[in-house]
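In: my questions concern the predicted model and sequence given below.
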Amino acid sequence: MIIPVVSQQPSPVSTSPAGAASFSVTATGSIPLTYRWQRETTPGTFVNLFNGRTTWDDCGGSALVFGSTTRSLIIAADTANGLMLCSAHAIQYRCIVTNACVPQGVASQPATLTICIADVNQDGGITGDDIAFFFIRFEEGC
């Protein structure tokens, strides 16, 4: 049996309040490998994530979690209900990979989610286009 090794660590992600973030890992080791994503609650302390609406944020459950037991995690704003990502989501996330050889698992390095409020047009950067987009949407009454 070969112990799990995280061969590709999750990368930090920036997104807008109305956006989504995707983290992924690649692991090797004896199969089957299992995955469990976690979020940081206090420095160095992580708890398991579960699919569905967040219940741990101070934003009224404004984020949706997908893929909490897969190699790819998505944290997304619930824009269908007018809810956005907030500072409570701007934390570190990591993945625990397990197999029969190491049932307690091995942890990936944590990756940080940054919520970029100024990225109004959600293109991944902050430019003059964001200001223009803001004023267009403002004039439309949005």
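Out: Done, it's in.
In: tell me where this structure has strands.
Out: Assigned by DSSP state E, the strands in the chain fall at 5-8, 13-15, 20-24, 26-28, 34-42, 45-48, 52-53, 63-66, 72-77, 92-98, 106-107, 111-115.
In: so what strands line up beside the fourth one?
Out: For strand 26-28, the paired strands and their directions (DSSP bridges) read strand 5-8 (antiparallel).
In: hmm, who's touching the partner strand?
Out: Where contact means CB atoms under 8 Å, 6 or more residues apart in numbering, the residues beyond strand 5-8 that reach it are S24, V25, T26, A27, T28, G29, C95, V97, V106, A107, S108, Q109. Bear in mind the C-beta positions are built from the backbone N, C-alpha and C, glycine included.
In: V106 versus the spatially most central residue of the chain, what's the distance?
Out: Relative to the mean C-alpha position of the chain, the nearest C-alpha, by CA atoms, centre = their mean, is the one of I75, at 4.2 Å. Using CB to CB, to the nearest Å, one gets 22 Å for the distance from I75 to V106.
In: do L113 as well
Out: With the distance defined as CB to CB, L113 ends up 22 Å from V106.
In: picking that back up, what's the closest of the strands of the chain to D129?
Out: Across those, D129 has its closest neighbour in strand 13-15 (16.1 Å, CB to CB).
In: rounded mean pLDDT for the closest one, please.
Out: Strand 13-15 shows a mean pLDDT of 90.
In: and that strand, which residues are buried?
Out: If you call a residue buried by 16 or more other CB atoms under 10 Å, then strand 13-15 has these buried ones: V13, S14, T15.
In: pick out whichever of the residues you listed sits closest to L64.
Out: Distances from L64 to the buried residues of strand 13-15, taken as CB to CB, are shortest for T15 (13.1 Å).
In: so what sits opposite the closest one in the bridge?
Out: Note on T15: beta-bridge partners I115, judged by DSSP bridges.
In: verify the stated contact: it with F23.
Out: No: with contacts defined as CB atoms under 8 Å, T15 does not count as touching F23, sitting 11.3 Å away.
In: now do the shared contacts for the two.
Out: With contacts defined as CB under 8 Å, 6+ apart, the residues adjacent to both T15 and F23 are L113.
In: distance of the residue nearest to the centre of the chain from P32?
Out: When distance is defined by CB to CB, I75 is 25 Å away from P32.
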